[in-house]
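K.L.:
Below: sequence and its predicted model.
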Amino acid sequence: MLSRVAEHIYWLARYAERAENTARLINVNTHLQLDLPKHLRPGWKPLITITGCEDPFLRRAMEANEKNVVRFLIGDFENPSSIIQSLKWARENGRTVRDFFPRDGWEQINNLYRIASAEIYLGISPRGRYNYLKQVILGVQALSGMLSGTMSHDEGYTFLLLGRYLERADMTTRIVDVLSTHLEEQSGDIEYYEGALWMNLLESLSGYQMYRRVMQQAPDWDPVISFLFRNREFPRSFRYCLGELAGAVAPLRNNERVKERIERLEELIGEFDPDRVSGSDLHQLIDDLQRMLGEIHNEIGIAWFNYPLPEESQRQAS
C-alpha cells in the first residue's frame, strides 16, 4: 500500500473519532452545568485548554463563556479540532482514497458532514445541543460499524485502527481531565455531588452500565479511574485502546519503534494505582500519557508515512 493512501486512511479515522469525542467532551461539561449548584459549576475555558486550542481561541479575542466556547468547539472552521472541521477533514481524506474505501462508508461520512454543517445552529443553542451532539456521536459510530463490516481487513484497515484508537485513547484522557480538574479546584460541599459527577462522566463515554457490571459499586474516584484507565474489555478505556494499537502494529513491517513506545505506555499504566493518586497526580499522569501518545503519532509518521509528523499535528490538521 502506498504511504500516501495509508496516511489518508489514518487521518480519516483520527478526525472522525475526534469529532465524536469532542461531542462527548461538550456533553460532559453541559451536564455538569445542570447537575451542580451555580457556585460549584465549572467554567467553559478548561475545555479550550484540554482540547489544545488555546492559540486559535485567543486569536479570536473572545470571552470564554458558554456561547463562545460551544460555538468554537462545534462550528468554527478556524479551530482545527472543532466538530465541523474534524468532519470536514475526515470527509476530505475519505474522498481522496475513495478507491480504497467502501462506497457506503463514503456516503455515511459525506452525509454526516452535510447534516452537521447545515444544523450547526442547533448545536450552539442549549435546547438543540444534546440532539445535535448525539447525532454526531451516532453518525461516527455508524461509520465505524459500517467500515468494520464492509472494508477489507487488510493493511488499509490496520491504519484505520491505528488512527481510531490513538485518537480515542487521547480523548478519553482529556474527558477524564475535565472532571478531575474541576474536583481538584473545588472544595466543601462538592463531595456531596461526586457520585453524580462520576456517573455523568461514565455516561458521556457510554460506559455507565458496563462500569456497574464490572466494578459492581457506585461511581467514585478510585473505581472509575481504574475502570477507564486499566480495564482491558471496555472499548473506550485507555488500556483497551493500547491493546488495539499493539494488535494493529504487530503485522506491519518496520514497527519496532512504534511497538517500543506502546510497550512503555503499557508499563506505565500497569504500574498506575488509582488508590495512591491524588487529583494533581492524575493531572500529571494525563499530561504524560498525552505526551507519549504524541510520540507514538510521530513514530507512525516516520515509520510508514516517510516523514516525521510535526509535534503540533497531534491536535492539528494534517
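P.N.:
Cool, the structure landed. Numbers count the residues shown, from 1 in each chain.

K.L.:
pLDDT weak spots in the stretch 151-300 of the chain?
P.N.:
In the prediction, the stretch 151-300 of the chain carries residues with pLDDT under 70 at positions 181-192, 278-280.

K.L.:
What segments of it are helices?
P.N.:
Ranges of helices in the stretch 151-300 of the chain, per DSSP state H, counting those that start in this stretch, are 155-185, 194-204, 208-215, 221-230, 238-249, 256-271, 279-304.

K.L.:
so of the ones you listed, which one's packed in deepest?
P.N.:
Comparing the helices of the stretch 151-300 of the chain by mean neighbour count (mean count of other Cβ atoms under 10 Å), helix 155-185 ranks first with a mean of 22. Any C-beta I mention is one placed from the backbone N, CA and C, and that applies to glycine too.

K.L.:
That one packs against which elements?
P.N.:
If contacts are counted by 3 or more Cβ pairs under 8 Å, 6 or more residues apart in numbering; DSSP states H and E, helix 155-185 sits against helix 3-35, helix 45-50, helix 126-150, helix 194-204, helix 221-230, helix 238-249, helix 279-304.

K.L.:
please redo it, this time with the cut-off set to 7 Å
P.N.:
If you count contacts as 3 or more Cβ pairs under 7 Å, 6 or more residues apart in numbering; DSSP states H and E, helix 155-185 packs onto helix 3-35, helix 45-50, helix 194-204, helix 238-249, helix 279-304.

K.L.:
picking up where we left off before, would you list the helices of the stretch 151-300 of the chain in a markdown table and tack on distance to R24?
P.N.:
Formatted as a markdown table, these follow (distance: least, Cβ to Cβ, whole Å):
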| stretch | distance to R24 |
| --- | --- |
| helix 155-185 | 6 |
| helix 194-204 | 5 |
| helix 208-215 | 13 |
| helix 221-230 | 13 |
| helix 238-249 | 15 |
| helix 256-271 | 21 |
| helix 279-304 | 16 |
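
K.L.:
just to revisit the earlier point, out of the helices and strands packed on helix 155-185, which gets nearest to N68?
P.N.:
helix 45-50 (9.6 Å; Cβ to Cβ).

K.L.:
wait, isn't R18 in contact with S81?
P.N.:
Yes - judged on Cβ atoms under 7 Å, R18 makes contact with S81 at a distance of 6.4 Å.

K.L.:
Just want to know which of the two has more residues nearby.
P.N.:
Higher neighbour count among R18 and S81: R18, with 28 against 24, using other Cβ atoms under 10 Å.

K.L.:
Distance of the nearest residue to the more buried one once chain neighbours are set aside relative to A303?
P.N.:
Spatially, and ignoring its direct neighbours in sequence, R18 is nearest to S86 (4.4 Å; Cβ to Cβ, 6 or more residues apart in numbering). From S86 across to A303, the span is 24 Å (Cβ to Cβ, to the nearest Å).

K.L.:
Could you do D275 as well?
P.N.:
Taking Cβ to Cβ, one finds D275 at 37 Å from A303.

K.L.:
One more: Q216?
P.N.:
42 Å.

K.L.:
For F234, give me phi and psi.
P.N.:
With angles defined as degrees, to the nearest 10, F234 sits at phi -80, psi 120.

K.L.:
Could you do G43 as well?
P.N.:
G43 adopts backbone torsions of phi -80, psi -170, taken as degrees, to the nearest 10.

K.L.:
Repeat that for R253.
P.N.:
phi -80, psi 160.

K.L.:
show me what contacts it?
P.N.:
Applying Cβ atoms under 7 Å, 6 or more residues apart in numbering to R253 gives no contacts.

K.L.:
Any figure for the gap between it and T158?
P.N.:
Separation of R253 from T158 (Cβ to Cβ) stands at 11 Å.

K.L.:
cool, R18 as well?
P.N.:
The spacing between R18 and T158, counted by Cβ to Cβ, is 19 Å.

K.L.:
Also R232?
P.N.:
Separation of R232 from T158 (Cβ to Cβ): 21 Å.

K.L.:
before we move on, what about R212?
P.N.:
For R212, the distance to T158 - Cβ to Cβ - is 34 Å.

K.L.:
Just give the closest residue to L179, not the sequence neighbours.
P.N.:
Closest residue to L179 apart from its sequence neighbours, by Cβ to Cβ, 6+ apart: L201 at 5.0 Å.

K.L.:
cool, and W44?
P.N.:
Sequence neighbours aside, V69 is the residue nearest to W44 in space, at 3.9 Å (criterion: Cβ to Cβ, 6+ apart).

K.L.:
Check C241 too.
P.N.:
A169 is the one closest to C241 (Cβ to Cβ, 6+ apart), at 3.8 Å.
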